[in-house]
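Asker: With the sequence up front, the predicted model follows.
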Amino acid sequence: MRIRLGKNYWLNCDPYCYWVSEEYEVKKGKTAGTIAERNVSGYTATFEQAVNSFIEKGIKAAEIDDFTKLVEIINDLKKEVESWKVDLQRG
């Protein structure tokens, strides 16, 4: 199964796990300008765990130097996940 979550994100699942992936534009190299996909969460047993993994990876990957920036990143991640609810409700 594959369901669009927001503008660039996808919920993927197979019989064993869920994960979130992101579409992005390749900036360099032979494939510059094309759309590629990367996983932005771990492989998890439930959708809720996949969302939590997405948030954790977003925080851990952030390059921050103060607490204010961390709060900003967390708020941005929360807004992204909340936007998924709207898209899922519209069907």
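Answerer: Received the coordinates, thanks.

Asker: Return the lengthiest strand in the chain as PDB; C-alpha atoms alone will do.
Answerer: Ranked by residue count under DSSP state E, the longest strand found in the chain is strand 18-25. Extracted in PDB, the C-alpha atoms of strand 18-25 (Å, rounded to 0.1, in the frame of the first residue of the first chain):
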ATOM      1  CA  TYR A  18       5.100   0.800   7.800                       C
ATOM      2  CA  TRP A  19       7.500   3.500   6.800                       C
ATOM      3  CA  VAL A  20       7.300   7.100   5.600                       C
ATOM      4  CA  SER A  21       9.200   8.200   2.500                       C
ATOM      5  CA  GLU A  22       9.800  11.600   0.900                       C
ATOM      6  CA  GLU A  23      10.000  12.700  -2.700                       C
ATOM      7  CA  TYR A  24      12.700  15.200  -3.500                       C
ATOM      8  CA  GLU A  25      14.400  16.800  -6.500                       C
END
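
Asker: which residues are contacting that strand?
Answerer: Residues outside strand 18-25 that contact it (C-beta atoms under 8 Å, 6 or more residues apart in numbering) are 5, 8-13, 33-47, 49-51, 53-54. In this view, the C-beta of every residue, glycine as well, is placed from N, C-alpha and C.

Asker: Give me the helices and strands touching the following helix or strand past it, please.
Answerer: Next helix or strand after strand 18-25 toward the C-terminus (DSSP states H and E): strand 35-39. Counting contacts by 3 or more C-beta pairs under 8 Å, 6 or more residues apart in numbering; DSSP states H and E, strand 35-39 is packed against strand 18-25.

Asker: And the strand it packs on, what's buried?
Answerer: For strand 18-25, the neighbour count (16 or more other C-beta atoms under 10 Å) marks Tyr18, Trp19, Val20, Ser21, Glu22 as buried.

Asker: With pLDDT added, can I get those residues in a markdown table?
Answerer: As requested, the buried residues of strand 18-25 are exported to a markdown table (pLDDT from 0 to 100):
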| residue | pLDDT |
| --- | --- |
| Tyr18 | 96 |
| Trp19 | 96 |
| Val20 | 96 |
| Ser21 | 97 |
| Glu22 | 95 |
